[in-house]
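Visitor: Dropping a prediction and its sequence here:
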Amino acid sequence: MANDKQFENDYIDFIKLLNKYDVKYLVIGAYAVMYHTKIARETKEIDFWIEKSSKNAERCAKAIKEFAGGIRINPEDLLGQKEIFFIGVEPHRIDIFNNQGKMAFNEAYKNKVDAMFRDVKTYFVAKTDLLALKRYFYRKADVKDLKRLSK
Amino acid sequence: MIIKTAIKNGKKIIYGKGTPAEIETLNIENDFDSVLDCLNQIRKTANKLFGNRNVIKLNKRIYGKRQAV
């Protein structure tokens, strides 16, 4: 079972580092859906939404460097317009977004949900904001997620 | 919704009928930890069925940027 949980441990290590460096982040996407619905659903990545500011990008770059020593990253790499920084490949990948449609990060951050991912403090996007994001993007998976979240 | 249980070859089988929404209520776990356990079980089963047991780790050597859709 330890091996089966290896990717989960990688995600947890990454969250610990985001906390360690005081990165302003929110877990969005499938893991946030699972947190709010309490229903497991297959996903190929964990999605993080970080505040788009040079200070925050600097902190996040530090976390990424500590997480994966060999990575060469500049804070600017996390600030690109409509760009996603990723580590790993499907089915175990970390995606870092700096933008989520028209939603303002600071507004979503105010509503964040303080929760535990196993034994690690984690900030999840609030259910109302997640619903708004799902309605905005409205991809195939979002439609299914919306049904589950609306219950 | 109708839920019945049976035991076949020592394994407990739950079956029944209901609308998709009713059936989905059976998938709701008690807490997030149980959800993560369930997800691990789904992946374990998929690995067993499709034989991709080598993909258990996040490959930290592969990284980069891509365009958001």
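Guide: Noted; the coordinates are in hand.

Visitor: What is the end-to-end distance of stretch B:8-27?
Guide: 22 Å (CA to CA, to the nearest Å).

Visitor: What's the mean pLDDT across that stretch?
Guide: Stretch B:8-27 shows a mean pLDDT of 89.

Visitor: Spell out for me which residue occupies the centre of chain A.
Guide: A:Phe48 (1.8 Å; CA atoms, centre = their mean).

Visitor: That one: what secondary structure?
Guide: Following DSSP: H, G, I helix; E, B strand; the rest coil, A:Phe48 is assigned to strand.

Visitor: what secondary structure does A:Phe86 sit in?
Guide: With three-state DSSP as the criterion, A:Phe86 reads strand.

Visitor: partners of the residue nearest to the centre of chain A in the sheet?
Guide: A:Val27, A:Ile96 (DSSP bridges).

Visitor: Touching, it and A:Ile96? I think so.
Guide: Yes - the criterion here is CB atoms under 8 Å, and A:Phe48 meets it with A:Ile96 at 5.0 Å. No exception for glycine: its C-beta is placed from N, CA and C like everyone else's.

Visitor: lowest-pLDDT helix or strand in chain A?
Guide: Taking mean pLDDT, DSSP states H and E as the measure, helix A:140-150 is the helix or strand of chain A with the lowest mean score, a mean of 90.

Visitor: Sort out which residues of that helix are buried, please.
Guide: A:142, A:145, A:148-149 (16 or more other CB atoms under 10 Å in any protein chain shown).
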